[in-house]
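*Asks:* Predicted model and sequence follow; I will ask about them next.
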Amino acid sequence: AVTRKPGSAAGAALAAIPKAPVAGRDGFACVLGGALAHRGIVVHDPHVLRRLERIDTVVLDTEVLVTGAHVITDLAPLGEGRAGPLAATAYRLFDRQAPDRVHEDGGWTLGPLDRIPQRNGAAAEVRERLVREGAGRVLGLAEGDRLRALVRVDPEAHDAAEALLGAARGAGLRVVAAGEDTHTVVPGADKTAPGGETLVHTVRRIQADGSGVLVISGNREALWAADVAIGIGGKDGAPAWGADLHCDRPGDAVVVVEACKSARQAVGRGVRIAQAAVALGSAVVLAGRSRRPSAAGLAVVNYASLLALATGVWSAVELLRRPVAPVTSRHPWHAMEPETVLAITGSSPSGLTTRQAQGRRRDNSHSNAGYPSLVRAIAVELANPLTPVLAGGAALSAAVGAVLDAGIVLGVTGLTGLIGGVQRHLTEIGRAHV
């Protein structure tokens, strides 16, 4: 309509093809898929990695986030007893694998209330309080024939439960904890829901509200219903059938949860690149300097797609370079006797042998940020809101024939990024040596 030339109109239409967001998403998914395979995660359906940007809810099944053992989470003294010595005694008698078994030592007894002495009138009121707070089990600690304290026992949560919750928070996702003992295993979840056979209905209800759901579970029906399904293998080594991604341990799924935010960012950059390509392509075509306006418009789209592909790859690399956040132990080591700590950690007063230490050493090579990179430092300096504006202005200048002006703008921008990148690189080297 502006130029009254069909060729120019066709070129402008071709310049408006939104290929860049798809290219950015695909570049991110390809790099992420390869990295997950390198980490031992079986990617059964690679297409789900292209749906990560749509996820806004994570459903954590507590059944795969417990270790099978139990831990003492609270102790309520009865009478004038001091909590410190009572806690140390309770930990010494407590069996993490068989909490309902009665244990006796040195005149002390720990076990279910119906199997030990209960000569204490305040026990019933304290027990009701612990049950209201969500206690899985309430044991009694007795000295002789007198009940001295009540002990709250809950299932032991996997260390990855806290890491998954933190990753979901960092990615801006809503967390739904499903199953038993949700307040203990996943404290701070936005919502709780029943697990087991009803978990699939929970997933369907969330999807009915228009949400994209990522499920971490071993429940086949719930995994089939999820938009992105991460299956955790059973204790017998059997895979979680119906999953898109298969993990041996819940901690392996942390990077996938974090990838939801990075995927949104990669697609968002692709959208902005596509918008800039439309403006640039239209300017190139309408300027009338190309004899083949259709080819010129399509070239702009292809170059924009290549740039979006590179930014998608860069987003995935940045995600994979992040160090794994340290997991805080939930064991109250300060309240235990040294012998109890050594028994839980599988150590001895003389420490670990060389073979034991090597067997416990974790392989964090895939999560190490590595030595500072000059190229990465320059890229970080250029990744600011002003760079796209300057690049777009330079491209428009070149499109209307002002090639010298475009070269000056790009040269100054690149030189600024180089100087800032070198300074950042030297700072990172100094920090790495500290």
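*Replies:* Received the coordinates, thanks. Since the structure is predicted, the reported quantities are computational estimates derived from the model, not experimental observations.

*Asks:* Only C-alpha atoms from now on, for both contacts and neighbour counts.
*Replies:* OK.

*Asks:* got the buried residues for stretch 414-423?
*Replies:* 414, 417, 418, 420, 421, 422 (16 or more other Cα atoms under 10 Å).

*Asks:* Just say helix, strand or coil for the last one.
*Replies:* This points to residue 422. helix (DSSP: H, G, I helix; E, B strand; the rest coil).

*Asks:* ok, for it, nearest residue in space, not its chain neighbours?
*Replies:* Spatial nearest neighbour of residue 422, excluding adjacent residues (Cα to Cα, 6 or more residues apart in numbering): residue 374 at 6.7 Å.

*Asks:* give the contact list for the one you found.
*Replies:* 421, 422, 425 (Cα atoms under 8 Å, 6 or more residues apart in numbering).

*Asks:* Do you know the pLDDT at the first one?
*Replies:* For residue 421, the model assigns a pLDDT of 84.

*Asks:* Can you show me the strands along the stretch 151-300 of the chain?
*Replies:* With strands called from DSSP state E, counting those that start in this stretch, the stretch 151-300 of the chain shows them at 174-178, 191-193, 212-217, 228-232, 245-247.

*Asks:* could you say what helices and strands the fourth one packs with?
*Replies:* If you count contacts as 3 or more Cα pairs under 8 Å, 6 or more residues apart in numbering; DSSP states H and E, strand 228-232 packs onto strand 212-217, helix 220-225, strand 245-247.

*Asks:* Which of the helices or strands spans residue 411?
*Replies:* Under the criterion of DSSP states H and E, residue 411 resides in helix 403-433.

*Asks:* How about residue 23?
*Replies:* helix 20-38.

*Asks:* for that helix, which positions count as buried?
*Replies:* Buried residues in helix 20-38 (16+ other Cα under 10 Å): 20-33, 35-36.

*Asks:* And the furthest pair within those?
*Replies:* Using Cα to Cα, the two most remote members of the buried residues of helix 20-38 are 20 and 36, lying 24.3 Å apart.

*Asks:* State the pLDDT value of residue 265.
*Replies:* pLDDT, residue 265: 92.

*Asks:* residues in contact with it?
*Replies:* residue 315.

*Asks:* Same list, the helices and strands packed on strand 228-232, but as a markdown table with mean pLDDT, mean neighbour count and distance to residue 141 please.
*Replies:* Listed next are these as a markdown table, based on pLDDT from 0 to 100; neighbours: other Cα atoms under 10 Å; distance: least, Cα to Cα, whole Å:
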| stretch | mean pLDDT | mean neighbour count | distance to residue 141 |
| --- | --- | --- | --- |
| strand 212-217 | 95 | 26 | 36 |
| helix 220-225 | 93 | 21 | 41 |
| strand 245-247 | 93 | 24 | 40 |
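
*Asks:* where exactly do the helices run in the stretch 1-150 of the chain?
*Replies:* 6-15, 20-38, 83-93, 123-132 (DSSP state H, counting those that start in this stretch).

*Asks:* out of these, which comes closest to residue 263?
*Replies:* Smallest distance to residue 263 across these (Cα to Cα): 6.8 Å, for helix 20-38.

*Asks:* chain center to the closest one: distance?
*Replies:* 17 Å (Cα atoms, centre = their mean, to the nearest Å).

*Asks:* So for it, mean pLDDT?
*Replies:* 92.

*Asks:* Give the other helices and strands that that helix contacts.
*Replies:* Partner elements for helix 20-38 (3+ Cα pairs under 8 Å, 6+ apart): strand 42-43, helix 254-287, helix 293-321.

*Asks:* wait, which of these is closest to residue 200?
*Replies:* So among the helices and strands packed on helix 20-38, helix 254-287 is nearest, using Cα to Cα, at 19.9 Å.

*Asks:* in the closest one, what's buried?
*Replies:* For helix 254-287, using 16+ other Cα under 10 Å, the buried residues are 254-271, 273-286.

*Asks:* Name whatever forms a beta bridge with the nearest residue to residue 169 once chain neighbours are set aside.
*Replies:* Residue nearest to residue 169 in three dimensions, not counting chain neighbours: residue 175, with 8.0 Å by Cα to Cα, 6+ apart. Beta-bridge partners for residue 175, by DSSP bridges, are residue 58.

*Asks:* So what's the residue count around residue 175?
*Replies:* Applying other Cα atoms under 10 Å, we find 23 residues neighbouring residue 175.
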